[in-house]
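In: next input, structure requested:
(chains A and B)
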Amino acid sequence: MSLLDMIGPVMIGPSSSHTAGACRLGLVAHHLLGEAPRRATIGLHASFAKTGRGHGTHLALVAGLLGYAPDDPRLPKAFEEAEAAGLTVEFRDVDLGDVHPNTAHLDLHGETAAVTVQGSSTGGGVIRVTEVGGLGVNFGAASPTLLLRYPDAVGMIARVASTVAADGVNIATLTCTRENRGGQALLAIELDQPLSPEALAFLRRWPDMGWVRLLPKLMDG
Amino acid sequence: MTTLHDLMTAPSPASAWVLAQDCAETGLDPADIRAEMARRIGEMRASVERGLRSDAKSITGMVGWNAKGLWDAPDVLGAPLLRRVQAYAMAVNEENARMGRIVAAPTAGSAGTIPGALLGVADHLGIGDERLVDPLILAAGVGKAISKRMFISGAAGGCQAEIGSSAAMAAAAVTELLGGSPRACVHAASLALMNTIGLVCDPVGGYVEVPCVSRNAFFAVHAVSAAQLALAQLESFIPPDEVVGAMAQVGRLMPAELRETAEGGLAQTPTGRAVAARMEGREESAGGMIELPMV
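Out: Below you'll find the model as predicted:
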C-alpha cells in the first residue's frame, strides 16, 4: 500500500471496490489471454451479483476485458465498445463458496487462446487473483507478475528462477501449484520490474513450456 | 510500521517525512510521487468543476443536483467558506454517482471529503494548487497509518472507517496547508476521527448516493473544523493511535447490517426499501425521479 493507493486510483465512479477493482480483475484476464477477446462468461458471486449492476460492476469487468484502465472514459460505454470490438459477454450469478463477497470468475476466449481467472476486489481498488486456469494463485498485480504453465517436472522452478536472475530482475514472491505430481503446474512470480522480451522469449522456447504470460503492474503505487 | 505517533513526532513538515518513509518502503522516486500527486490535484479539481456545473441525475436518480443547487443558491449565512467546502465535496460525489471520473481518496464513496476541504480552503484563501501537493501527501500518509490498524472500507468497518478516514486525512492536510506542526496535523486527524466513531454505512438501495453525497459535504466541513481546533493548539485527549484502535474495535462490534449491506439504517426505511425494490425491478416506476411513498 503506497501513498498513491491512498489518494487514488483515479477512476470512473461510483465504487472503488465494485467498479475500479472489477475493472482490474477484467484487465488481469485481458492480459493473460494475450490476444483480442471474442467471448466471455463472467460468474458474479455474492455482493458482486447482488449490488453489482447499479455500481457499474458489469461495465467495469467488460472494460477490463477490453484492456481499459479504471479511469478510462469509455468505461460507462463498455457494452457498446465490446459489441464494436466483436466481444460477446454473458453474466451469471454463481456461488463460489467461502470466498470474498466481491469475487468474479472470468472465462475468456480469443481466436486461439482461452483463460479462466478468479479474483476478488478487496476494497479501495485493490484486487487479489486467486485462481488462473483452475489452479490456485495469490497475487495482487501490484507489481509485474510472470505466470507460467507447464507439465510438472523436476527443476522447472530453478530454471525459471535462474532465467529471471540472469535478466537482473528480483523476485518478490513466488507460488507454485500443481494438479498432481506430473500434472499441470502453474508458477506465479511477482517481480520488482518487468522481465525483458528476450528473457520471455527464452522461457517460451523452453522444451515442455506451455504458456508464458507477463502481467503488467496494474496498481499505482 | 509507521504509526500516527511516529508521524506526530516527525520533523516538520510532516509531509516530507511521510514521503521519505514511503519511498524507502516502496522504492518509488519522490519526484514521481510528487508529480503524480500534482496530477491528481488536477483530476480532483476537474471533478469539482464538472460536478458544480452538472445537474444530470445519478444512476438511481436520487442525487445529481445537490452541488449545483447549493453553489447557485444565495449565501444566506454569509459564510462563503462553508458553502464552498460543501459544494466542492458534493460536486465530486455526484460526479462519482453518475459514473464520472474522480480520485478515490481513500475510497470512491468518500472521494469528496479531501477535495472539499483542501481545495475549498485553498480557493477561499487564494492559495495555488502547487502548494496542495505536500498536504495531499500528508493526507495519504495519515490514511496509510490508519489503514494499517483497520480497514478503510464501509463494508469492513462502517462509514466511520471510510469517511472517518477521509475526514482525518483532510483535517491533517488542511492543518499543514495552514502552517500547522506535525503534532497539530496529527491531532487534527485524531479530533476528526474521534468524532466519527460509531458512524454506520447504510446506503439506500446499496448505492453510493444517499447519504454518501451529503455525508461528504458534512465531513469536509468537519475536517476543516478539526483543522481549526488543532491550529488553535487544541488536542485530542485520547492519543491518536488509541483513537484508531477504538474505531477498529467499534467496527468489529458493529453488526453486518450496518456495514454497507443496505440491511439497516437509512437503507431500511420505507423509502429506502422502495428505492431498492425499484432498482431491482421488483416495482415498475413511471420513470425519472423516484416517487417517494407516504409513510
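In: only alpha carbons, please: show stretch B:224-235 as PDB.
Out: The C-alpha trace of stretch B:224-235 is given here as PDB (Å, rounded to 0.1, in the frame of the first residue of the first chain):
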ATOM      1  CA  VAL B 224     -12.000  21.900   8.400                       C
ATOM      2  CA  SER B 225     -13.300  22.300  11.900                       C
ATOM      3  CA  ALA B 226     -10.800  19.800  13.200                       C
ATOM      4  CA  ALA B 227      -8.000  21.700  11.500                       C
ATOM      5  CA  GLN B 228      -9.200  25.000  13.100                       C
ATOM      6  CA  LEU B 229      -9.200  23.400  16.500                       C
ATOM      7  CA  ALA B 230      -5.800  21.900  16.100                       C
ATOM      8  CA  LEU B 231      -4.300  25.100  14.700                       C
ATOM      9  CA  ALA B 232      -5.500  26.800  17.900                       C
ATOM     10  CA  GLN B 233      -3.400  24.200  19.800                       C
ATOM     11  CA  LEU B 234      -6.400  22.100  20.900                       C
ATOM     12  CA  GLU B 235      -5.500  18.400  21.100                       C
END
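In: where do the helices of the chain begin and end?
Out: All of this refers to chain A. A:3-6, A:21-33, A:46-51, A:57-65, A:78-85, A:156-166, A:197-205 (DSSP state H).
In: actually chain B
Out: Going by DSSP H, chain B shows helices at B:4-8, B:14-26, B:30-53, B:66-72, B:80-97, B:113-114, B:120-125, B:133-147, B:154-157, B:159-177, B:182-194, B:212-231, B:240-253, B:270-279.
In: so A:I171 touches A:A161, yeah?
Out: Yes - using CB atoms under 8 Å, A:I171 makes contact with A:A161 at a distance of 6.7 Å. Every C-beta, even on glycine, is put in place using the N, C-alpha and C of the backbone.
In: and the residue in chain A that chain B sits nearest to, how many residues sit next to it?
Out: Residue nearest to chain B within chain A: A:G13 (3.3 Å; CB to the nearest CB). Other residues near A:G13 come to 31 when the count uses other CB atoms under 10 Å in any protein chain shown.
In: now swap in B:W65 and tell me
Out: Residues lying near B:W65 (other CB under 10 Å) number 15.
In: in this structure it contacts B:S58, no?
Out: No - with contacts counted by CB under 8 Å, B:W65 stays clear of B:S58, the gap being 9.6 Å.
In: sorry, back to before: could you dump the helices of chain A into a markdown table with distance to chain B, mean pLDDT and mean neighbour count added?
Out: Shown next, in a markdown table, are these (distance: least, CB to the nearest CB, whole Å; pLDDT from 0 to 100; neighbours: other CB atoms under 10 Å in any protein chain shown):
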| stretch | distance to chain B | mean pLDDT | mean neighbour count |
| --- | --- | --- | --- |
| helix A:3-6 | 4 | 92 | 26 |
| helix A:21-33 | 10 | 98 | 27 |
| helix A:46-51 | 4 | 86 | 22 |
| helix A:57-65 | 8 | 97 | 28 |
| helix A:78-85 | 11 | 97 | 16 |
| helix A:156-166 | 18 | 96 | 15 |
| helix A:197-205 | 21 | 97 | 14 |
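In: with distance to B:A223 as extra columns, can I get those in CSV?
Out: Formatted as CSV, the helices of chain A follow (distance: least, CB to CB, whole Å):
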stretch, distance to B:A223
helix A:3-6, 15
helix A:21-33, 26
helix A:46-51, 28
helix A:57-65, 29
helix A:78-85, 35
helix A:156-166, 46
helix A:197-205, 47
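In: which bits of chain A sit near chain B?
Out: Within chain A, the positions near chain B by CB under 8 Å from any CB of the partner chain are A:1-4, A:6-17, A:19-20, A:47, A:50-51, A:54-56, A:59, A:71, A:73, A:75-76, A:101, A:123-125, A:192, A:220-221.
In: so which of those are in strands?
Out: Using DSSP state E, the subset of the residues of chain A next to chain B located in strands is A:V10, A:M11, A:I12, A:G123.
In: what sits against the residue nearest to the first one when sequence neighbours are not counted?
Out: In space, not counting the residues next to it along the chain, A:V10 is nearest to A:D71; the distance is 4.4 Å by CB to CB, 6 or more residues apart in numbering or on different chains. Shown in contact with A:D71 (CB atoms under 8 Å, 6 or more residues apart in numbering or on different chains): A:P9, A:V10, A:M11, A:I12, B:R101.
In: count the neighbours of B:S181 for me.
Out: A count of nearby residues for B:S181, using other CB under 10 Å, gives 18.
In: quick one: it and B:S236, what's the gap?
Out: Separation of B:S181 from B:S236 (CB to CB, to the nearest Å) stands at 14 Å.
In: which neighbours do A:I171 and A:A161 have in common?
Out: Residues touching both A:I171 and A:A161 (CB under 8 Å, 6+ apart) are A:I189.
In: for B:C212, which non-adjacent residue is closest in space?
Out: Nearest residue to B:C212 in three dimensions, chain neighbours excluded: B:G109, at 5.2 Å (CB to CB, 6+ apart).
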